[in-house]
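Novice: sequence-free structure coming up:
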Ligand SMILES: [Zn+2]
Ligand SMILES: [Zn+2]
């Protein structure tokens, strides 16, 4: 079986951990940018994108104190079949010259603009937004989709958009997959603070905005809420080998009705080998630990 995969585990560079969706007091978040820098730096993150609504925060005067700040913003625009906004995150842009919360603005315009200025457009939290398969299939040329969003999970258990994404891939699209916090920080008793719960790990040449954005564009990353993927290898016959931190499940999620899930028995799993099954058009790796935390690879496509 021939497989095509932009494999971050086989390229040169170092691993950097970051969150690419966050809000501050400049929109509907509760923390100042300085407070956000302190939180994420303190948790060992390497980079952070503060993606406020309606404004791309000017980060030139902000001291990240070692935490790299990547410019970005979020826009809520257009109208889904359920009458809701699409939320789009744009990374690596200096501004978003559109009216936010505009039902009449086509989200494709924001995607096209973001690409034209060298940025990275991402469809945010499709489950939380109530986007259906038709809504997602209307748009083109975005880089990826959020498979997990901490804030949406904590707020109303709509953080996981895996089935939205698998529906898109089964229908022929090839999105990258992101896990993000979408930190707002609203304090509600019995709800954990939505910071440092989900991230992407990027293999990049160095910790600069250009290098991080380049690595994201190339797909040199995977997503996680806890477990670590150490290696993914694909041999000449298309057999996929995965190594990871100790987990309960290693899943090879694939074309409808295909794929395979490996369950730990007496010992946690730290590796799995999957040859694939006839008829699969893609496989993506998910590893899930005993706490239910998950890491997601980007999809591996067959050809
Ligand atoms: Zn949003
Ligand atoms: Zn957001």
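Specialist: Yep, it's here. From a predicted model like this one, the values you see are computed outputs, not experimental measurements. Ligands and ions are numbered 1, 2, ... in the order given.

Novice: Name the nearest residue to the closest residue to ligand 1 within the stretch 151-300 of the chain, sequence neighbours excluded.
Specialist: Here the residue of the stretch 151-300 of the chain nearest ligand 1 is residue 182; by C-beta to the ion that distance is 6.2 Å. C-beta here means a position set from N, CA and C on the backbone, and glycine is covered the same way. Counting by C-beta to C-beta, 6 or more residues apart in numbering, the nearest residue to residue 182 once its immediate chain neighbours are dropped is residue 151, at 3.9 Å.

Novice: Spit out the contact partners of the one you found.
Specialist: Going by C-beta atoms under 8 Å, 6 or more residues apart in numbering, residue 151 touches 159, 181, 182, 183, 184, 194.

Novice: which one of these sits closest to residue 88?
Specialist: Lowest distance from residue 88 to these (C-beta to C-beta) belongs to residue 182, with 12.7 Å.

Novice: Of the contacts of residue 151, which are in range of ligand 2?
Specialist: Among the contacts of residue 151, the ones lying near ligand 2 by C-beta under 5 Å from the ion are residue 182.

Novice: closest to residue 75 among the contacts of residue 151?
Specialist: residue 182 (13.8 Å).

Novice: If I follow the layout properly, the closest one ends up in contact with residue 149?
Specialist: Yes. With contacts counted by C-beta atoms under 8 Å, residue 182 reaches residue 149, the gap being 4.9 Å.

Novice: what do those two both touch?
Specialist: By C-beta under 8 Å, 6+ apart, the residues touching both residue 182 and residue 149 are 21, 124, 125.

Novice: The residue nearest to residue 182 belongs to a helix?
Specialist: Yes. Membership of residue 151 in a helix is supported by DSSP: H, G, I helix; E, B strand; the rest coil.

Novice: Per-residue pLDDT of it, please?
Specialist: We have a pLDDT of 97 for residue 151.

Novice: From residue 146, how far off is residue 14?
Specialist: Per C-beta to C-beta, to the nearest Å, residue 14 is found 25 Å from residue 146.

Novice: With residue 124 instead?
Specialist: On the measure of C-beta to C-beta, residue 124 and residue 146 end up 5 Å apart.

Novice: any shared contact partners between these two?
Specialist: 21, 89, 180, 182.

Novice: Out of these, which two sit at the greatest distance?
Specialist: Checking the shared contacts of residue 124 and residue 146 with C-beta to C-beta, the most distant pair is 89 and 182, at 8.7 Å.

Novice: re earlier: show me what contacts the residue of the stretch 151-300 of the chain closest to ligand 1?
Specialist: Applying C-beta under 8 Å, 6+ apart, the residues near residue 182 are 21, 22, 23, 124, 125, 146, 149, 150, 151, 152, 194.

Novice: Tally up the residues packed near the last one, please.
Specialist: If I follow you right, that is residue 194. 24 (other C-beta atoms under 10 Å).

Novice: Determine the three-state secondary structure at it.
Specialist: Going by three-state DSSP: residue 194 is coil.
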